[in-house]
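Peer 1: give me the fold of what follows.
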Amino acid sequence: MNKLLGKRALVTAGAQGIGLATSRQLLRAGCDIAVHYHSSAAAAEALVTEATALGRRCVALTGDLTRTEACDALVAAAVQALGGLDILVNNAGSLIGRRSLAEADDDFWAQTIMLNLGSLRKVTRAAAPHLAAAAKTAGGASIVNLASLAGRKGGHGGSLAYSTAKGAVLTFTRALSAELGPQGIRVNALAPGLILGTSFHDTHTTAESARATVAGIPLGRAGTADDVARAAVFLAGEFDGFITGATLDINGGVYCA
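Peer 2: As a prediction, this is how the structure comes out:
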């Protein structure tokens, strides 16, 4: 039995990198999805076409998730288009840039925290009542938060603000799982390590750094967006399960909690 067939999912930053891979795998698993994008309009519209070919519903929605009203509008539009919400994948976030403690001024620090933690909080707050409503009839609902290995072990040089934000996502996940559990909403996180072939690492990781990191990975390779997406789909499917407040590490064995 396909537990995800007909489930309704919202994926933030779902038209590029890990988000795109997750959106595609959710569609193939039988979900109808609302895919949020900020700058990847063409990719989002292409995903709508892919969904139609699979016989699934997909709506592309844009918005600046650092703004509260945009987060509220995104969730409202997703619910209107899909008729409800069973799954939320909070994928939006970015390193922005590498800066040391001395180099990271207040504006940079606030921007990094807002993008990686604040936007997640705002979207989740808007989505929670809809997830709770779905849980009453479907036996549960699921939130999957994208964190990072940097939130576990601090990241490479210049990622202090980003690592702090992603560490906060892990704490937010644990705390929120306790708060929303009585409503039937399970909350889990993913902590990917080196995932090459994404705009994140294409922008912020040099080839030399990537080679050095891979050399220390027990499995001997970097991860792919699909490696993370498979884990996201698994946790999304645990809407009626017993896994909550957990973090699934996807790093090839370089870090084991």
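Peer 1: CA atoms for contacts and neighbours, from now on please.
Peer 2: OK.
Peer 1: all the strands of this protein, residue numbers only.
Peer 2: For the chain, the strands defined by DSSP state E cover 8-11, 32-37, 58-62, 87-90, 141-146, 185-192, 247-250.
Peer 1: gap between the closest residue to residue 61 other than its chain neighbours and residue 173?
Peer 2: Using CA to CA, 6 or more residues apart in numbering and skipping residues adjacent in sequence, the residue nearest residue 61 is residue 36, 4.8 Å away. Remark: distance between residue 36 and residue 173 (CA to CA, to the nearest Å) = 21 Å.
Peer 1: the stretch 51-200 of the chain: helices as residue ranges?
Peer 2: 68-82, 106-113, 119-138, 150-153, 160-180, 199-204 (DSSP state H, counting those that start in this stretch).
Peer 1: so how far is the fifth one off the chain centroid?
Peer 2: Put plainly, it is helix 160-180. Distance, stretch centre to chain centre, for helix 160-180: 13 Å (CA atoms, centre = their mean, to the nearest Å).
Peer 1: low pLDDT regions in this protein?
Peer 2: Within the chain, the segments meeting pLDDT under 70 span 1, 198-205, 257.
Peer 1: most centrally placed residue in it?
Peer 2: residue 91 (2.3 Å; CA atoms, centre = their mean).
Peer 1: what's around residue 28, how many residues?
Peer 2: Residue 28 has 17 neighbours, counted by other CA atoms under 10 Å.
Peer 1: meant to ask about residue 108, not that
Peer 2: Neighbour count for residue 108, taken as other CA under 10 Å: 15.
Peer 1: against residue 149, how distant is it?
Peer 2: With the distance defined as CA to CA, residue 108 ends up 21 Å from residue 149.
Peer 1: residue contacts, residue 229?
Peer 2: 18-19, 21-22, 25 (CA atoms under 8 Å, 6 or more residues apart in numbering).
Peer 1: make that residue 238, sorry
Peer 2: Contacts of residue 238 (CA under 8 Å, 6+ apart): 142, 186.
Peer 1: and the gap between it and residue 117?
Peer 2: Distance of residue 238 to residue 117, given as CA to CA: 23 Å.
Peer 1: now stretch 21-32, how far from the centre of its chain.
Peer 2: The answer for stretch 21-32 is 14 Å, by CA atoms, centre = their mean.
Peer 1: circling back to that earlier point, possible to save the helices of the stretch 51-200 of the chain as a markdown table with distance to residue 13?
Peer 2: Below are these laid out as a markdown table (distance: least, CA to CA, whole Å):
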| stretch | distance to residue 13 |
| --- | --- |
| helix 68-82 | 12 |
| helix 106-113 | 16 |
| helix 119-138 | 11 |
| helix 150-153 | 19 |
| helix 160-180 | 16 |
| helix 199-204 | 12 |
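Peer 1: any figure for the gap between the residue nearest to residue 79 when sequence neighbours are not counted and residue 236?
Peer 2: Distance criterion CA to CA, 6+ apart; nearest residue to residue 79, sequence neighbours excluded, is residue 85 at 6.0 Å. Residue 85 is 12 Å from residue 236, where distance means CA to CA.
Peer 1: how about residue 2?
Peer 2: With distances taken as CA to CA, residue 2 is found 12 Å from residue 236.
Peer 1: okay, the two: which has more neighbours?
Peer 2: Legend: neighbour count by other CA under 10 Å for residue 2 and residue 236, higher for residue 236 (27 against 8).
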